[in-house]
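Peer 1: 3D model of this:
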Amino acid sequence: MAFRRRDEFVWRLRTRSLQLGSRTLVMGVLNVTPDSFSDGDLYLDPEAAKARTLGMFDEGADIVDIGGESTRPGRYEAVSAEEERRRVLPVIKAVLKAKPDGVLSIDTYKASTAEAAVDAGAEIVNDISALKWDPEMARRCRRLKCGVALMHTRGKPAEWRTLPRLAPDEVVPLVKQALAESLRIADEAGIERDRVVLDPGYGFGKSFDENYPLLARQEELRELGRPILAGVSRKSFLGRRLAEFYDGKDAPITQRGNATIAATVAAILAGAHIVRVHDVRQAAEAARIADAILGAV
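Peer 2: You can find the predicted model right below:
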């Protein structure tokens, strides 16, 4: 298929706005958790977390997304809002003290954590449940007047391994319908449309090969009229595809870098405005090439 230039948007955040569409924005990932699939236990110390966050900004991150609860399938344990706040708030405060202009996002589905993080200086609430797990989240985001990222999640983490399989032609309609419902919830709560971006939720309730039809047809989500955030970095569906190179086993997380770049570029060429990644410099460089391709259309 022929590539299409992305629609351009202005994404309104808490204190500023970001231009989306002319170039890909890079969102770095920081997990302040003991059990995240990729970097669990590395950044529990606030000073280590601050250093990593500042390093990602130096590597080219436009946004850093800070999370205090892992949602990895198979080993998911819910974290209380109090514990989540204990993990993330010192990091947010320390980073913004060192870099006041840094754009931070809080990765949470809990309204109380979202409010505390925005009050501490976060510009964006990144809700993996797309306003559906905490009945207070939509109202709270409206009041906070922050940027909001709404991600599609099929079921809850404890259910992911037992969900019925989807046929290839079922994936995109399911995601599109669910995200449209989340947009309706946001509208009814009074969240302004120009504060919202949408995330198809790669890996979240989609088993391995179900992610490829979604990536192949991601461009169809532009019909929802909002910018797209895509997070494919180091995901299991990439590791599974590389098994032939690793004696029939999924590629280790540390060996998914090349696959991540391939999938990230594919997502950009399919219309993603923002990419969420662990390896910021590599993704930023790859994004510049993908942007040059789109700029030549």
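Peer 1: Now do the same for R161: its pLDDT.
Peer 2: pLDDT, R161: 87.
Peer 1: Phi and psi next, for it.
Peer 2: Backbone dihedrals for R161, given as degrees, to the nearest 10, come out at phi -70, psi -10.
Peer 1: burial count for the nearest residue to G295 once chain neighbours are set aside?
Peer 2: Closest residue in space to G295, ignoring its immediate chain neighbours: R5 at 7.7 Å, by C-beta to C-beta, 6 or more residues apart in numbering. (C-beta placed from N, C-alpha, C; glycine too.) By other C-beta atoms under 10 Å, the residues close to R5 number 12.
Peer 1: Can you give me the distance of R5 to I261?
Peer 2: 22 Å (C-beta to C-beta, to the nearest Å).
Peer 1: Check L18 too.
Peer 2: In terms of C-beta to C-beta, L18 sits 23 Å off from I261.
Peer 1: Can you name the residues that contact the closest residue to N211 other than its chain neighbours?
Peer 2: In space, and not counting its chain neighbours, N211 is closest to F237: 4.3 Å by C-beta to C-beta, 6+ apart. Applying C-beta atoms under 8 Å, 6 or more residues apart in numbering, we find F237 in contact with 202-203, 206-212.
Peer 1: again, but for V148
Peer 2: Residues near V148 by C-beta under 8 Å, 6+ apart: 124-125, 127, 141, 186, 191, 195-197.
Peer 1: which two from these end up farthest apart in space?
Peer 2: I124 and A186 (14.0 Å; C-beta to C-beta).
Peer 1: okay, those two: which has more neighbours?
Peer 2: More crowded of I124 and A186, by other C-beta under 10 Å: I124, with 28 against 23.
Peer 1: Verify the stated contact: the more buried one with G102.
Peer 2: No - the criterion here is C-beta atoms under 8 Å, and I124 misses it with G102 at 11.8 Å.
Peer 1: CA-only coordinates of the helix or strand harbouring A180, as PDB, when you get a sec.
Peer 2: For A180, the host element (DSSP states H and E) is helix 171-189. Taking C-alpha atoms only, helix 171-189 is exported to PDB below (Å, rounded to 0.1, in the frame of the first residue of the first chain):
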ATOM      1  CA  VAL A 171      -8.800  -7.500  16.000                       C
ATOM      2  CA  VAL A 172      -9.000  -4.000  14.500                       C
ATOM      3  CA  PRO A 173     -12.800  -3.700  14.700                       C
ATOM      4  CA  LEU A 174     -12.700  -4.700  18.400                       C
ATOM      5  CA  VAL A 175     -10.000  -2.200  19.200                       C
ATOM      6  CA  LYS A 176     -11.700   0.600  17.200                       C
ATOM      7  CA  GLN A 177     -15.000   0.000  18.900                       C
ATOM      8  CA  ALA A 178     -13.500  -0.100  22.400                       C
ATOM      9  CA  LEU A 179     -11.500   3.100  21.800                       C
ATOM     10  CA  ALA A 180     -14.600   4.800  20.400                       C
ATOM     11  CA  GLU A 181     -16.400   3.900  23.600                       C
ATOM     12  CA  SER A 182     -13.600   5.400  25.700                       C
ATOM     13  CA  LEU A 183     -13.800   8.600  23.600                       C
ATOM     14  CA  ARG A 184     -17.500   8.700  24.400                       C
ATOM     15  CA  ILE A 185     -16.800   8.300  28.100                       C
ATOM     16  CA  ALA A 186     -14.200  11.100  27.900                       C
ATOM     17  CA  ASP A 187     -16.700  13.300  26.000                       C
ATOM     18  CA  GLU A 188     -19.400  12.700  28.600                       C
ATOM     19  CA  ALA A 189     -17.000  13.600  31.400                       C
END
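Peer 1: Only the C-alpha atoms, please, for the helix or strand following that helix, written as PDB.
Peer 2: Using DSSP H and E, the helix or strand that follows helix 171-189 in sequence is strand 196-199. What follows is strand 196-199, C-alpha atoms only, in PDB (Å, rounded to 0.1, in the frame of the first residue of the first chain):
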ATOM      1  CA  VAL A 196      -6.800  13.000  24.100                       C
ATOM      2  CA  VAL A 197      -4.500  10.500  22.200                       C
ATOM      3  CA  LEU A 198      -5.400   6.900  21.600                       C
ATOM      4  CA  ASP A 199      -3.200   3.800  22.000                       C
END
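Peer 1: Would you mind listing the buried residues in the following helix or strand past strand 196-199?
Peer 2: Per DSSP H and E, the first helix or strand lying C-terminal to strand 196-199 is helix 211-216. Residues of helix 211-216 classed as buried: 211-215 (neighbour count, 16 or more other C-beta atoms under 10 Å).
Peer 1: Stretch 49-65 now?
Peer 2: So for stretch 49-65, counting by 16+ other C-beta under 10 Å, buried means 49-50, 52-54, 56-57, 59-65.
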